[in-house]
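Asker: Below is the structure, and that's it, no one-letter string:
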């Protein structure tokens, strides 16, 4: 039962506020893979909240850990004071990261993790006497959060438009290529040559001016854009050759989404930094982190005089004790239930086969997937935008999805079962026939 008189006071993020408040979709509770709205409807959460509730909703183990921590130590400053659970969480986290990324800088979101990574890159270049390396390279269709650094390196026009001037950044072309790669199962075969555009940007700007390249291994908000086979390794080779840092934004691909702890392990490419958030606490508490190569940390810290602050950056809630407790409990669940590898097994194969069975349905022009992330792309005969209409019809039929233009994105909880996947596919098929047949 609602205990507010109006919806006027909450300015909702990334939402058409007027339209939403005219026809609100209010979620009252959640459990497992299910959302329950204020009308008594049961909705299948096919996006894990917002790419984050990987272990499913309502995990008592996480809630109890947070409550116990709040009663023991609810908060203390992370500046010049420490707490055991922050050091414990960092130590546990790096057991899942690539071999040489053993330092953790805590933030509170993916946006803050990206901002921190960009500043770490600049601090590193300055600390080793290469302050002229100040430029960043992002990529079209990329989403790296909403802070000024993130929208600068990001490649989504609506997120950037109206907020300039931004940081000195150039952008690689995106890798979405329906003409050659439509209905790919797993990574697309064509497009590795797009990585060579980085060589062109290096020659244009000069390697001596470029601090870092940042990419999502799999773009999420840009429409679930997958890297062509060999593409990420080629970026790594070019960055190494030109002494440029490589940052993987794994805010959505981290914590089991692709069937490994991180996409860097799935694709056997080790970046210099990884940004993380969302699934790091199962979405239950705000938390972000940057995993940093040891040599970067050592260079920045050792360049400063003894006894002085080495890196003038941080947040009031960095390594918040209650969020750390949520993260530790989340890691316990991932480990005990084998969730970080589950997407690479039978359920991932079933997800792929089921979604690709939609090929041939009216209006569907592509299905693409990797692990437990996927997209179904539509095209209306008259060229009109249909994604938001499909998202609304899905909700009305008991399915919560995300629309990115005419792309419907999926990132279900890692605990999803075959019957849930069947519901997703049946719903999409019926809507396609209803709208386009």
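Answerer: That came in fine, so what should we check first? What you see is a predicted model, and the numbers here were worked out from it, not measured in a lab.
Asker: can you give me the strands in the stretch 201-350 of the chain?
Answerer: Under the criterion DSSP state E, counting those that start in this stretch, the stretch 201-350 of the chain contains strands at 210-215, 245-249, 273-276, 288-293.
Asker: I'd like those as a markdown table, with distance to residue 434 appended.
Answerer: (Glycine included, C-beta is placed from N, CA and C.) A markdown table is the format used below for the strands of the stretch 201-350 of the chain (distance: least, C-beta to C-beta, whole Å):
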| stretch | distance to residue 434 |
| --- | --- |
| strand 210-215 | 37 |
| strand 245-249 | 37 |
| strand 273-276 | 39 |
| strand 288-293 | 40 |
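Asker: backbone phi and psi for residue 43, please?
Answerer: Per-residue torsions, residue 43: phi -120, psi 130 (degrees, to the nearest 10).
Asker: what pairs with the closest residue to it other than its chain neighbours across the strands?
Answerer: Spatial nearest neighbour of residue 43, chain neighbours left out: residue 35 (4.2 Å); criterion: C-beta to C-beta, 6 or more residues apart in numbering. Residue 35 forms beta bridges with residue 30, residue 43, as assigned by DSSP bridges.
Asker: Contacts only, for residue 35.
Answerer: By C-beta atoms under 8 Å, 6 or more residues apart in numbering, residue 35 lies in contact with 27, 29, 42-45, 57, 400.
Asker: swap the cut-off to 10 Å and go again
Answerer: 25, 27-29, 41-45, 49, 57, 395, 398, 400 (C-beta atoms under 10 Å, 6 or more residues apart in numbering).
Asker: Would you list the phi and psi of the residue most central in space within the chain?
Answerer: Geometric centre of the chain, nearest residue: residue 252, 2.2 Å, by C-alpha atoms, centre = their mean. Dihedral pair for residue 252: phi -100, psi -30, per degrees, to the nearest 10.
Asker: residues near the closest residue to residue 375 other than its chain neighbours, how many?
Answerer: Closest residue to residue 375 apart from its sequence neighbours, by C-beta to C-beta, 6+ apart: residue 224 at 3.5 Å. Other residues near residue 224 come to 26 when the count uses other C-beta atoms under 10 Å.
Asker: Same check on residue 238?
Answerer: So residue 238, with other C-beta under 10 Å, has 20 neighbours.
Asker: related to what we said a few turns ago, mind giving me the ChimeraX select for the contacts of residue 35, buried ones only?
Answerer: ChimeraX command restricting these to the buried ones, with burial defined by 16 or more other C-beta atoms under 10 Å:
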select :43,44,45,49,57,395,400
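Asker: so of the contacts of residue 35, which ones are in helices?
Answerer: Members of those lying in helices (criterion: DSSP state H): 49, 395.
Asker: Nearest to residue 427, out of the contacts of residue 35: which one, please.
Answerer: Using C-beta to C-beta, residue 398 is the member of the contacts of residue 35 that sits closest to residue 427, with 7.4 Å.
Asker: Might you report the residue contacts of the residue nearest to the centre of the chain?
Answerer: Residues in contact with residue 252 (C-beta under 10 Å, 6+ apart) are 48, 50-52, 110, 143, 216-221, 224, 258, 263, 276-279, 373, 409, 411.
Asker: Just the buried residues of these.
Answerer: 48, 51-52, 110, 143, 216-221, 224, 258, 263, 276-279, 373, 409, 411.
Asker: what's the domain layout of this structure?
Answerer: The record's domain parsing of the chain by automatic domain parsing lists 17-58+341-436, 63-339.
Asker: Quick check: end-to-end length of the shortest one?
Answerer: Read that as domain 17-58+341-436. 29 Å (C-alpha to C-alpha, to the nearest Å).
Asker: Ok, stretch 268-286 next?
Answerer: First residue to last in stretch 268-286 (C-alpha to C-alpha) measures 29 Å.
Asker: residues of that stretch that come out buried?
Answerer: Neighbour-count burial for stretch 268-286 [16+ other C-beta under 10 Å]: 269-286.
Asker: next one: stretch 91-104
Answerer: Buried residues in stretch 91-104, counted by 16+ other C-beta under 10 Å: 92-94, 96-98, 101-104.
Asker: repeat for stretch 331-346
Answerer: Buried residues in stretch 331-346, defined by neighbour count with 16+ other C-beta under 10 Å: 331, 333-334, 339-340, 342-344.
Asker: How far does stretch 47-56 stretch from one end to the other?
Answerer: Stretch 47-56 has its terminal residues 11 Å apart, counting by C-alpha to C-alpha.
Asker: Residue 268 reaches residue 232, doesn't it?
Answerer: Yes: Residue 268 is in contact with residue 232 according to C-beta atoms under 10 Å; the separation is 8.9 Å.
Asker: where along the stretch 301-437 of the chain do the helices fall?
Answerer: Along the stretch 301-437 of the chain, counting by DSSP state H, counting those that start in this stretch, helices occupy 321-337, 339-342, 346-356, 387-396, 418-436.
Asker: for the second one, packing partners?
Answerer: This means helix 339-342. Using 3 or more C-beta pairs under 10 Å, 6 or more residues apart in numbering; DSSP states H and E as the contact test, the elements touching helix 339-342 are helix 321-337.
Asker: Quick one: work out the angle between the helix it packs on and strand 288-293.
Answerer: Using axes from the mean of the first three to the mean of the last three C-alpha atoms, to 10 degrees, one finds that helix 321-337 and strand 288-293 are set 70 degrees apart in direction.
Asker: Determine how far helix 321-337 lies from the middle of the whole chain.
Answerer: Taking the mean of its C-alpha atoms, helix 321-337 sits 18 Å from the chain's own mean (C-alpha atoms, centre = their mean, to the nearest Å).
Asker: Which strands or helices does that helix pack on?
Answerer: Contacts defined by 3+ C-beta pairs under 10 Å, 6+ apart place helix 321-337 against helix 60-72, helix 84-93, strand 101-107, helix 339-342.
Asker: Wasn't residue 155 part of a strand?
Answerer: No: under DSSP: H, G, I helix; E, B strand; the rest coil, residue 155 sits outside any strand and is assigned coil.
Asker: tally of neighbours for it?
Answerer: Other residues near residue 155 come to 23 when the count uses other C-beta under 10 Å.
Asker: Check residue 358 too.
Answerer: Neighbours of residue 358 (other C-beta under 10 Å): 18.
Asker: Roughly how far does it sit from residue 364?
Answerer: As defined by C-beta to C-beta, to the nearest Å, residue 358 lies at a distance of 5 Å from residue 364.
Asker: so what sits against both of those two?
Answerer: Counting by C-beta under 10 Å, 6+ apart, the contacts common to residue 358 and residue 364 are 183, 376, 428-429, 432.
Asker: could the residues you listed be laid out in a markdown table, adding pLDDT?
Answerer: Formatted as a markdown table, the shared contacts of residue 358 and residue 364 follow (pLDDT from 0 to 100):
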| residue | pLDDT |
| --- | --- |
| 183 | 98 |
| 376 | 98 |
| 428 | 98 |
| 429 | 97 |
| 432 | 97 |
